[in-house]
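> sequence and predicted structure are below.
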Amino acid sequence: QVQLMESGGGLVQPGGSLRLSCAASGSIFSLNVMGWYRQAPGKERELVAGITSDGVTNYADSVKGRFTIFRDNAKKMVYLQMNYLTPEDTAVYYCNADVNLNPSVRSGYWGQGTQVTVSP
């Protein structure tokens with residue numbers, strides 16, 4: 001079993017910054033792609049940013065230049081640094097990981113989500 005635990009959400013004013021963290025634990029052979037998704041009220045869940053195990057990143061167009069994803073493989077953690085936040089960034093943010101439980105068993109996992117609210 002694998003658990004993903006997010007932290008770092010909260011209330012911030014427009015133009016402010018937050019850093020989200022996600023810690024992976026459990027029976028992990030290897031962590032592959034990790035990512036952050038978000039879901040705003042009434043909208044579908046969308047990819048915000050992803051990062052491979054060797055550090056290749058991709059971002060949604062709406063966050064390019066403002067958000068940075070990075071990871072610490074030794075600590076089994078992934079982070080999302082969010083700068084210049086706008087009200088449109090308000091959503092529940094979810095951590096996602098593609099995990100090998102052993103060399104031949106691979107599965108995806110989600111965290112429970114952390115609320116980010118951007119408001120004056």
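Done, it's in. Because the structure is predicted, anything quoted here is derived from the model rather than measured.

> contacts for stretch 47-65, please.
The contact list for stretch 47-65, computed with CB atoms under 8 Å, 6 or more residues apart in numbering, reads 30-38, 46, 67-71, 73, 78, 80, 82, 88-89, 93. C-beta here means a position set from N, CA and C on the backbone, and glycine is covered the same way.

> the spatially most central residue of the chain: which element?
Centroid-nearest residue in the chain: Trp36, 2.6 Å away (criterion: CA atoms, centre = their mean). Assigning secondary structure by DSSP states H and E places Trp36 in strand 30-39.

> direction included, what does that strand pair against?
With DSSP bridges as the test, strand 30-39 is paired with strand 46-51 (antiparallel), strand 91-102 (antiparallel).

> of all the ones you listed, which one is nearest Val2?
Between Val2 and those, the shortest gap by CB to CB is with strand 91-102, which sits at 5.3 Å.
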